[in-house]
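[1] pasting the structure only:
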């Protein structure tokens, strides 16, 4: 009786072992092939002016599974919304079994303000989109704005709504002419002064700043290396430049 029971138990264990082995063979081997064949070896990143390809890749590769091309592509294409400062969105393209292309779309930042030691960055509509403890050099610091509160992802309420249109026009022309502007300053009459390194340019109050910034570009080429204040508030064919003390 005891021998018969042992034989039955051994037979059951043998059947279970065979079934388990079949599962390993039919599931494990295809999984291993899948992981091997779709190894993510090449990630190409384009479009970002804030991050290098290595920095973007480091933010996306968070686990062992992310090194599989299909898993990586499907994860970020359909399931995970990537949150990276100063990045509006990303698009992902599956190139082949080992390669993915990533297109980065930067947030359009036109300026920043300083508040309690931090820097808050806003877009053309005045929405605060990011904040950092360290200032980003190529985004102008705007002074002279008066505001009651600063809330991330909400509109910055200032003393005059039209100031955002003025800042947008200024930053577009600054970028167009390649001017190195550190600070945009508004006085109580909304007259504009630009700090460009050692050069301070007083532009006054205008409907648009296209023409005056084109002139400033030419002037900057002639006075490079000097510390001056330029009064460009009039529409003369010449401007007065005074040495800074």
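    Received, thanks. This structure is a prediction, so every number in the text was calculated from the model and none was measured. Numbering: from 1, shown residues only.
[2] Could you check stretch 186-206 and say which residues are buried?
    By neighbour count, with 16 or more other CB atoms under 10 Å as the criterion, the buried positions of stretch 186-206 are 186, 192-196, 199-204, 206. Quick note: C-beta positions are derived from backbone N, CA and C, even for glycine.
[3] Over to stretch 151-171?
    Quick answer for stretch 151-171 (16+ other CB under 10 Å): 156, 158, 163, 164, 166, 167, 168, 169, 170, 171.
[4] Give me the subset of those lying in helices.
    163, 164, 166, 167, 168, 169, 170, 171 (DSSP state H).
[5] State the distance from the residue nearest to the last one when sequence neighbours are not counted to residue 178.
    In space, not counting the residues next to it along the chain, residue 171 is nearest to residue 110; the distance is 4.6 Å by CB to CB, 6 or more residues apart in numbering. Remark: distance between residue 110 and residue 178 (CB to CB, to the nearest Å) = 17 Å.
[6] next one: residue 235
    Residue 235 is 24 Å from residue 178, by CB to CB.
[7] With residue 75 instead?
    Distance, residue 75 to residue 178, using CB to CB: 40 Å.
[8] cool, and residue 91?
    Applying CB to CB to residue 91 and residue 178 gives a distance of 29 Å.
[9] Please identify which of these two sits among more neighbours.
    residue 91 (12 against 8; other CB atoms under 10 Å).
[10] Ramachandran angles for the most centrally placed residue in the chain?
    The centroid of the chain falls nearest to residue 86 when counting by CA atoms, centre = their mean (2.5 Å). Backbone torsions of residue 86, given as degrees, to the nearest 10, read phi 70, psi 10.
[11] That one against residue 131, yeah?
    No. In this structure, residue 86 is not within contact of residue 131 by CB atoms under 8 Å, at 10.9 Å.
[12] what do the two both touch?
    Taking CB atoms under 8 Å, 6 or more residues apart in numbering as the criterion, residue 86 and residue 131 both touch residue 121.
[13] returning to that earlier point: could you double-check that the residue nearest to residue 171 lies in contact with residue 167?
    Yes. The criterion here is CB under 8 Å, and residue 110 meets it with residue 167 at 5.5 Å.
[14] Good, wrapping up.
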